[in-house]
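Asker: After the sequence you'll find the predicted model.
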Amino acid sequence: MKQIIAIVQPFMAEKVLKALAEASWEALSVREVKGYGRQKSYLDEYRGSEYATAFLSKVMINLWVEDQEVEKVVRTIVRTARTGRQGDGKIFVLPAQSLSGLSAAASQQSGAVSE
């Protein structure tokens, strides 16, 4: 089992979530995050004054999938979120040692999610 973390532009998040749901990957978590990469910062305007903002808004999508599904999930995210411009985001794939549902009596060490 793998954990996939996708950090995407906020305006692409809904498209990515819809594409994942259409492909039956619906068990995930979403959060708003801020950060920067090569973009560093941008100028914004507030009450008539320009100021530099060091962190850019992004959306982080976390999901857990079986090993054989990883490539399909990553392809779906890339196909949906890529604009071809700097700052499109990042995708991380990490091993998930074990997962268990809160309502489960015992942890599943095999990596399967218990319901």
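Answerer: Yep, it's here.

Asker: these two touch, right, Val65 and Ala6?
Answerer: No. Judged on C-beta atoms under 8 Å, Val65 makes no contact with Ala6 at a distance of 11.8 Å. All C-beta atoms are positioned from the backbone trio N, CA, C, and that covers glycine.

Asker: neighbour count winner among the two?
Answerer: Taking neighbours as other C-beta atoms under 10 Å, Val65 and Ala6 compare with Ala6 leading, 28 against 21.

Asker: Send me the helix or strand harbouring that one as CSV with only the CA atoms.
Answerer: Using DSSP states H and E, Ala6 maps to strand 2-8. Taking Å, rounded to 0.1, in the frame of the first residue of the first chain, the C-alpha atoms of strand 2-8 are listed here in CSV:
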residue,chain,number,x,y,z
LYS,A,2,1.2,3.5,-0.8
GLN,A,3,0.3,7.0,0.3
ILE,A,4,0.1,9.5,-2.5
ILE,A,5,0.4,13.2,-1.6
ALA,A,6,-0.5,15.6,-4.4
ILE,A,7,0.0,19.4,-4.0
VAL,A,8,-1.9,21.2,-6.7
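
Asker: Following element in sequence after that strand, please.
Answerer: Counting by DSSP H and E, what follows strand 2-8 is helix 10-22.

Asker: So which elements touch that following helix?
Answerer: strand 28-35, strand 56-65, helix 70-81 (3 or more C-beta pairs under 8 Å, 6 or more residues apart in numbering; DSSP states H and E).

Asker: right, and those - which one's nearest Ala21?
Answerer: strand 28-35 (9.2 Å; C-beta to C-beta).

Asker: can you pull the pLDDT of the nearest residue to Thr76 once chain neighbours are set aside?
Answerer: Nearest residue to Thr76, sequence neighbours excluded (C-beta to C-beta, 6 or more residues apart in numbering): Ala19, at 5.3 Å. Here, the pLDDT recorded for Ala19 equals 96.
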